[in-house]
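*Asks:* Dropping a prediction and its sequence here:
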Amino acid sequence: MSYPIPVATTEFLPGREVTGVVGVVIGIATRPRDMAHNPEMAFVNTAARQDAVGAMVQQALEAGADAVVGVRFDGGKISETVTELTAYGTAVTLRAQQA
C-alpha cells in the first residue's frame, strides 16, 4: 500500500530531516465482531489496518504534515458487535529535499 506521504514505524526517515512536530494523528477502522470466525480473517485484518492508516494519513495531510513516524496499532472491542483497530503516530514536517 502506498500513501501520499511517508509513513514509518521508525522514529525517523533515513535521509530526511524532521524539522517540526505537527502532533499526534490517529485513524480508526471498525469491523463487525462476527467476522472473527471468517476463514479470510487475515485479509480482513490487513484491510482494517490499511483503512486505519489511510484515515491517519488523511488527518496528517489536513494538519499540514509531510510524514508520519512512530506508527503503532491498537485495537479492541468497542461493543458486543463491533471491534476497532486504531493506527496512530506522530505527524511531522520535513526539510525539503535538495535537487
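*Replies:* Happy to help now that I have it.
*Asks:* Show me the longest strand that occurs in the protein.
*Replies:* Longest strand of the chain, by residue count under DSSP state E: strand 18-32.
*Asks:* mean confidence score for that one?
*Replies:* The predicted model assigns strand 18-32 a mean pLDDT of 95.
*Asks:* buried residues in the helix or strand just after that strand?
*Replies:* Going down the chain from strand 18-32, the next helix or strand is helix 41-62, by DSSP states H and E. Residues 45, 48-57, 59-61 are the ones in helix 41-62 that count as buried (16 or more other Cβ atoms under 10 Å). Bear in mind the C-beta positions are built from the backbone N, C-alpha and C, glycine included.
*Asks:* Report all helices and strands that helix 41-62 contacts.
*Replies:* strand 18-32, strand 67-77, strand 82-94 (3 or more Cβ pairs under 8 Å, 6 or more residues apart in numbering; DSSP states H and E).
*Asks:* quick one: which of those is nearest Thr9?
*Replies:* strand 67-77 (5.0 Å; Cβ to Cβ).
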